[in-house]
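Visitor: Below is the structure, and that's it, no one-letter string:
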């Protein structure tokens, strides 16, 4: 039996922290939340967790920057709004079963798409972490709303403008 559960990571950080090293990059976010109860600068961590037979098998997390005023950039007369970074984690024993794709689809439809719709008056986008890129690209997200260079020394023009608004 499969069940999706939605939460803000500050309400389920202990559960995710208990998963240990499977979280790798997410470990610090969950650790921060257990110590401070909220992320800095208004960032929210919205999650979709997938349970199969009451066992957590995969989750998606959006570091939501919607409330952050420092995540807007005016570039050549256009306003760009960075709405956050999306990550996906599948428990090692459940990889290659399609669970992350299921989570990505639900996360896009229920969290990311409504977020993008709320910001249709600017060039709004989300960024996918390295492992999240192929998963989120298989959803219905428009390429004009997705930046795929998570860690990059590229300029804003190269990383964002040319990717979501190629001319």
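Guide: Yep, it's here. Predicted model only: the values in this text are computed from it and were never measured.

Visitor: could you point out which element follows whichever strand or helix holds residue 81?
Guide: In the assignment (DSSP states H and E), residue 81 maps to strand 78-90. As assigned by DSSP H and E, the chain's next helix or strand after strand 78-90 is helix 99-107.

Visitor: what angle separates that next one from strand 78-90?
Guide: With axes from the mean of the first three to the mean of the last three CA atoms, to 10 degrees defining the directions, helix 99-107 sits at 140 degrees from strand 78-90.

Visitor: Point out the other helices and strands that helix 99-107 packs with.
Guide: Counting by 3 or more CB pairs under 8 Å, 6 or more residues apart in numbering; DSSP states H and E, the packing neighbours recorded for helix 99-107 are strand 2-8, strand 44-52, strand 55-64, strand 78-90, helix 132-137. Using the backbone N, CA and C atoms, a C-beta is placed for each residue, glycine as well.

Visitor: residue ranges with poor pLDDT in the protein?
Guide: Within the chain, the segments meeting pLDDT under 70 span 21-25, 166-167.

Visitor: try 90 this time
Guide: Along the chain, segments meeting pLDDT under 90 span 14-34, 37, 130-131, 149-154, 163, 165-167.
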